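Participant: Quick one, fold the following:
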Amino acid sequence: MASSPVARATGRVAVPVLGLFWLAVTTVPFLFMVMTSFKSQQESFSSSVWALPEALDLVNYNDVLSGPFLTYFKNSVMVVVISVLLIMLISSMAAFAFARMRFRFNEAIFGLIVAGMIVPIHITLVPIYLMTRQLGLYDSQFALIGPYVATSLPISVFILTEFMRQIPKELEEAARLDGCGPFAIFFKVFLPLSGPGLSTIAIYNGIMLWNEFIFAYVLTSSTGTRTLPLAIWDYQGQYTANIPAILTVVTLTSLPLVVAYAFGQEKIVKGMMAGSLKG
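Facilitator: I've put the predicted structure just below:
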């Protein structure tokens with residue numbers, strides 16, 4: 001049944017209004033963060049919360065960058081890059097097995113892995129902490145890589161499995177006729193064709209791990225091993241906090257994510273849709 005002129009007119013008005021409302025919801029906190037980062041601590045207390053800074057003062061940025069911020073940044077880059085590469089390799093190999101290889105308990109094991117998405121990570125903190133201490137990895141960057149990979153595998157395997165199931169079987173059969181074994185088929189056929197899915201899990205997990213706090217807080221303790229989400233602890237005490245400096249840290253920390261998402265949002269959408277549509 002065709003919609004009425006009133007409904008069409010309402011839709012034409014409602015969609016832009018809702019879009020502008022959502023733009024404000026997502027943009028205003030970011031603008032507040034950037035504005036406050038240019039204020040001094042005294043100005044942040046004496047002026048209105050939404051008042052513009054009196055001057056574009058870079059003192060907070062100089063103080064943050066002259067501290068251990070770059071060490072935190074280096075640690076985050078190392079941990080996230082290694083973790084994402086391992087996630088992509090392990091999840092793609094597992095997805096290929098679940099999507100194309102027939103073996104006993106295939107569906108049961110796949111369902112068990114996917115069920116890991118509903119497990120709250122907080123209930124794993126104590127056993128992971130004890131295991132990390134026993135392995136001698138506590139307070140090192142490598143203490144974070146294992147938990148990061150393990151907690152990111154369920155959703156990554158799920159996305160890539162659904163993606164690989166849509167790859168035409170004729171390509172796999174042609175590779176077998178050429179004498180390719182399972183490993184050759186995976187590396188020469190499925191891995192190159194899974195580029196959109198791999199990009200999706202790389203960007204998604206990269207953003208999630210870049211902002212991860214709880215494991216970094218529990219498994220590291222020294223300045224030389226901490227990651228960026230813990231940098232804000234350098235600017236707060238027991239009874240006070242340097243709000244402009246903290247928001248400066250948050251601004252600098254979020255810039256790589258803004259750039260990465262600006263260039264990768266199309267790949268995320270395409271990867272998600274490719275795994276849900278046949279053909």
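
Participant: Helix or strand: which one has the nearest residue to Met117 once chain neighbours are set aside?
Facilitator: Among residues not flanking Met117 along the chain, Pro154 sits closest, at 4.5 Å (CB to CB, 6 or more residues apart in numbering). Glycine gets a C-beta too; all of them are placed from N, C-alpha and C. Assigned by DSSP states H and E, Pro154 belongs to helix 142-164.

Participant: and that helix, average pLDDT?
Facilitator: Helix 142-164 carries an average pLDDT of 93.

Participant: what's the distance between that helix and the middle of its chain?
Facilitator: Centroid separation for helix 142-164 versus its chain: 11 Å, with CA atoms, centre = their mean, to the nearest Å.

Participant: after that helix, next one along is what?
Facilitator: Once the chain leaves helix 142-164, the next helix or strand it forms, by DSSP H and E, is helix 169-177.

Participant: For that next one, which helices and strands make contact with it?
Facilitator: In terms of contacts (3 or more CB pairs under 8 Å, 6 or more residues apart in numbering; DSSP states H and E), helix 169-177 is packed against helix 182-185.

Participant: ok, Ile113 - how many residues close by?
Facilitator: Other residues near Ile113 come to 20 when the count uses other CB atoms under 10 Å.

Participant: now Tyr129: how far from Asp178?
Facilitator: Computed with CB to CB, to the nearest Å, the distance linking Tyr129 and Asp178 is 50 Å.

Participant: Those two: which has the busier surroundings?
Facilitator: Neighbour count, other CB under 10 Å: between Tyr129 and Asp178, Tyr129 has more, with 16 against 10.

Participant: what's the helix or strand for that one?
Facilitator: Per DSSP H and E: Tyr129 is located in helix 125-134.

Participant: buried stuff in that helix?
Facilitator: Judged by neighbour count (16 or more other CB atoms under 10 Å), helix 125-134 contains these buried residues: Leu125, Ile128, Tyr129, Thr132.

Participant: what angle separates the helix holding Pro154 from helix 125-134?
Facilitator: 120 degrees (axes from the mean of the first three to the mean of the last three CA atoms, to 10 degrees).
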